[in-house]
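Colleague: Turn this into a model:
(2 chains)
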Amino acid sequence: MDLTLSHRNRKRGLKALHFTALFLVMSVICIPGLWIVLNSFRPTIEIMAKPPIWSPSFTLDHYRAMFGGAGEGGVPVFKYFRNSMIISITSTAIAMLIGMSGGYAFARYRFKGKNGYFVGLMLFRAVPGVALSLPLFIVFARVGIIDTHFGLILAYVAMNVPFTVWLTDGFFRQIPKELHEAAEIDGCTRWQAFWRVEFPVARSGVASAAIFAFLTSWNEFALASQLTRSVNSKTMPVGLLDFTAEFTINWGGMCALAVLMIIPALVLTFLVQKHLIAGLTFGGVKG
Amino acid sequence: MANVTLDTVDKFYGKHQAVHGISLDIADQEFVVLVGPSGCGKSTTLRMIAGLEDISGGTISIGDRVVNDLPPRERNISMVFQNYALYPHMTVGENLGFSLKIAKMPDAEIASAVNEAAQILGLDELIDRKPAELSGGQRQRVAMGRAIVRHPEVFLFDEPLSNLDAKLRTQMRVEIKKLHKKVASTIIYVTHDQVEAMTLADRIVLMRDGHIVQVGTPLELFNKPVDVFVATFIGSPPMNILDGVVRGDQIQLTDDLAIKIPSDARGLVQDGQAIKFGFRADNLTPKGHGVSDEGEIATIDLEVSLAEPLGTETLLFAEIGGVEVQAKMLNPRSVKPGETLSFQLMLDKCHIFDADTGAAIRG
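Modeller: Predicted coordinates:
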């Protein structure tokens, strides 16, 4: 009897510990986000108040100002949003096409120097993006693609391809090759076998690669801040800089724009959440 | 007509030769089993017939067509894989109908063909399930259904039963045999299990190291093995093989054991020739516990080291000259280890092989 009791207590204790740890970790992840959302609805004076004001008041001033005219602290939100969308979606689509082809080739075919290529691709990932910004700036300036959608798309595709190749390679590798062989015997061409059998089976993996690629492009700041100049191509993360002046930073406005930036990413993540989880716990495919 | 012909077919992987110029004629509606130890090239051969592997040399024809360079989809074959290879994102019905859908058949015809196949294999109830919700035996059946739904000219089976447990394997073996009767197509079946080969095949092709060692009906391979490898591979328990030397009209097996050469083999061996002497457990039986006492018989006294009662018969283990041999006791009585029994060896059922090459002298 005592034994069961102490066992039960121990179990309860462990559970409490488990939740505390979870709470702490989630706090670290969530509080900055929450802080941004809360501050976007507070008057500037409250944000900067010392000691902090714990019961916040609510205002939409920052949003009003942001969408307002240029003289009243407004920024071209819609243009930034459009630029971000065009650049992120296009670069993700291209990176996925290239990444999927590459990943499939690495997973399925034997060719000379395969391992070398693969290690090479991974090495590209080891170079920090910022280190590339100056050389990229010089080259892009010479070619004349500074401050264009095309320039940023190119840079993001190059950044994302190694990652999507690596990720999709892993997913395709887990699909037994007999599946496409069976499809080919069933009358498919190699191309049909891929699209009708292997791609649907790896769909969750492909989806998770795509969302990672999208978020990377959507959130990227360092390169974008160098390669964009004007509202023609500035993306939302770069747009955040509009709120910094020589001596002041408009924290409230910055937070408001940041919230607008988070929303699409959040919506997208929710939409593909099912695939994302399935993709990250891949391996449930057994013929 | 869907006879399959292999003419000096080679397969190289880089410098390694996996299949050495094999030639084989398979008749229409014949059930041929390729059998051999792992790495003997049997699966490679099957995959070359399927078109999943390139052919390095020779020709393969199905019907009147040379198919060397045709992709799998143009060969009018279907294949059952060892791991079933069911499409995990499709239901059983979609799996069965996939090939017809690819062939752009009208939906109504697909549905009736799928239903027919499902009925033959007893899959009616499972038609809306996904492969992940099926047991091993059911998956196996779906894989077979997918193969028969198109009425191909040739069925290829690549070790289809090796992932099943023993009981299910026996059951599916019977179903495959029945299926062959129903669909009346040519079947080429690969296995490493000689029992499957014996029970299923019209003809067995026994392979080793990329060569065909012997082709024949199960009983031909069992009764007339061309060499020691075939003799020990086919049949369970495997044939007992003893080293011996010909001395006059006798074969000296150990210092104090010599047996008569079967009368019809006497002209085939020379005095002093080293041979391997083979006999099956069925032909070494305790006195009074064999099939018959007729014919040429040698009597040997052996000490039984182990007895395995199987019900209708008991397997007895003993040693001759340090080599373990197995004997069979029909109408068994209980035998204790250490007991010495008088065994009868049916000489006219014995095999004599060349000691160096292993080739049969008297098959």
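Colleague: how is chain A carved up into domains?
Modeller: A:2-67, A:71-280 (automatic domain parsing).
Colleague: State the mean pLDDT of the last one.
Modeller: Spelled out, that is domain A:71-280. In this model, domain A:71-280 carries a mean pLDDT of 88.
Colleague: Distance from it to the middle of the chain?
Modeller: 7 Å (Cα atoms, centre = their mean, to the nearest Å).
Colleague: Okay, buried residues for the longest helix anywhere in chain B please.
Modeller: The single longest helix within chain B, with elements called by DSSP state H, is helix B:166-183. Residues of helix B:166-183 classed as buried: B:169, B:172-173, B:175-176, B:179-180, B:183 (neighbour count, 16 or more other Cβ atoms under 10 Å in any protein chain shown). Quick note: C-beta positions are derived from backbone N, CA and C, even for glycine.
Colleague: cool, and stretch B:42-60?
Modeller: Buried residues in stretch B:42-60 (16+ other Cβ under 10 Å): B:42-53, B:55, B:58, B:60.
Colleague: From the residues you listed, pick the one nearest residue B:152.
Modeller: Proximity of the buried residues of stretch B:42-60 to residue B:152 (Cβ to Cβ) peaks at residue B:50, which lies at 10.9 Å.
Colleague: can you give me the strands for the stretch 101-250 of chain B?
Modeller: B:154-158, B:186-191, B:203-208, B:211-216, B:240-247, B:250-254 (DSSP state E, counting those that start in this stretch).
Colleague: neighbouring contacts of the fifth one?
Modeller: Contact partners of strand B:240-247, identified using Cβ atoms under 8 Å, 6 or more residues apart in numbering or on different chains, comprise B:228, B:231-232, B:251-253, B:258, B:261, B:269-281, B:284, B:320-321, B:323, B:325-326, B:353, B:355.
Colleague: For those, which ChimeraX command selects only the ones that are buried?
Modeller: Per 16+ other Cβ under 10 Å, the buried members of the contacts of strand B:240-247 correspond to this ChimeraX selection:
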select /B:228,231,232,251,252,253,258,261,269,273,275,276,277,278,279,280,281,284,320,325,326,353,355
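Colleague: Next step: the contacts of strand B:240-247 restricted to helices.
Modeller: Using DSSP H, the subset of the contacts of strand B:240-247 located in helices is B:228, B:231-232.
Colleague: What residues does the nearest residue to residue B:356 once chain neighbours are set aside make contact with?
Modeller: Distances taken as Cβ to Cβ, 6 or more residues apart in numbering or on different chains put residue B:274 closest to residue B:356, at 7.6 Å, once the chain neighbours are dropped. Residues counted as contacts of residue B:274 (Cβ under 8 Å, 6+ apart) are B:243-245, B:355-356.
Colleague: out of these, which is most surrounded?
Modeller: Within these, residue B:244 tops the neighbour count with 24 neighbours, counted by other Cβ atoms under 10 Å in any protein chain shown.
Colleague: tilt between the longest helix of chain B and strand B:154-158?
Modeller: 170 degrees (axes from the mean of the first three to the mean of the last three Cα atoms, to 10 degrees).
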